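In: Pasted the sequence and its predicted model underneath.
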Amino acid sequence: NRREWDSSTLTLKIIARERDDDIVHWITDFPWPLSDREYVFRHRSGEVDDLKVAVSRAVNQSESLLQPSPSMVRIREFVQFSAARQDGADVEIGLQYRNNLEGSLPPWLVNWFSSIGLPKYLHQIYERCHTVTWRDKAVE
């Protein structure tokens, strides 16, 4: 569960299931004075040979599932592809992520993210990959 390893996750819950997809509500903490970000997205995970894969993408017209919170910014453009493979003690990870944060970000936040936020996030993923029980888990 992402809440166990990502300290910026305030809420992460499955709000519906459609066919093979989980519909997920995720709220992530943004530094003050910016508003927290809220996502409603489809998530599907599985396994191909020894490769764990996951795909997440924003739900179009997510208001029909969950009304946006007035104190947060709803992210409407979001996609993430991830894949991981364990090879003995080593872990290979592939991650492609794109979202529109719905507004211009101040330079101090861009600098903070590139120098502190992103390295911290990648370290959290690294730590999670070395503590997960691989046989039983999809990429989370």
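Out: Looks like it came in fine. Numbering: from 1, shown residues only.
In: Grab the CA positions of stretch 42-57 and hand them over as CSV.
Out: Coordinates of each C-alpha in stretch 42-57 appear next as CSV, following Å, rounded to 0.1, in the frame of the first residue of the first chain:
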residue,chain,number,x,y,z
ARG,A,42,-8.3,3.7,-13.0
HIS,A,43,-5.6,1.3,-11.9
ARG,A,44,-4.9,-2.2,-13.3
SER,A,45,-2.0,-4.4,-12.3
GLY,A,46,-0.8,-7.9,-13.3
GLU,A,47,2.1,-10.0,-14.3
VAL,A,48,3.7,-11.0,-17.6
ASP,A,49,6.3,-13.8,-17.1
ASP,A,50,8.4,-12.4,-14.2
LEU,A,51,7.5,-8.8,-14.8
LYS,A,52,5.0,-7.0,-12.5
VAL,A,53,3.2,-4.3,-14.4
ALA,A,54,0.7,-1.6,-13.5
VAL,A,55,-1.1,1.1,-15.4
SER,A,56,-3.0,4.1,-13.9
ARG,A,57,-4.8,6.8,-15.7
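In: What residues sit buried inside that stretch?
Out: For stretch 42-57, burial by neighbour count (16 or more other C-beta atoms under 10 Å) applies to 42-43, 45, 52-57. C-beta coordinates here come from the backbone N, C-alpha and C atoms, glycine included.
In: again, but for stretch 64-73
Out: 72-73.
In: chain center to it: distance?
Out: Distance, stretch centre to chain centre, for stretch 64-73: 18 Å (C-alpha atoms, centre = their mean, to the nearest Å).
In: got the CA positions of that stretch in PDB?
Out: The C-alpha coordinates for stretch 64-73 follow below in PDB (Å, rounded to 0.1, in the frame of the first residue of the first chain):
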ATOM      1  CA  SER A  64     -19.800  11.400 -11.700                       C
ATOM      2  CA  LEU A  65     -17.900   9.100  -9.200                       C
ATOM      3  CA  LEU A  66     -16.800  11.700  -6.600                       C
ATOM      4  CA  GLN A  67     -17.300  15.400  -6.400                       C
ATOM      5  CA  PRO A  68     -14.100  17.400  -6.200                       C
ATOM      6  CA  SER A  69     -13.200  18.900  -2.800                       C
ATOM      7  CA  PRO A  70     -13.300  22.700  -2.900                       C
ATOM      8  CA  SER A  71     -10.100  22.900  -0.900                       C
ATOM      9  CA  MET A  72      -8.100  20.800  -3.300                       C
ATOM     10  CA  VAL A  73      -7.100  20.800  -7.000                       C
END
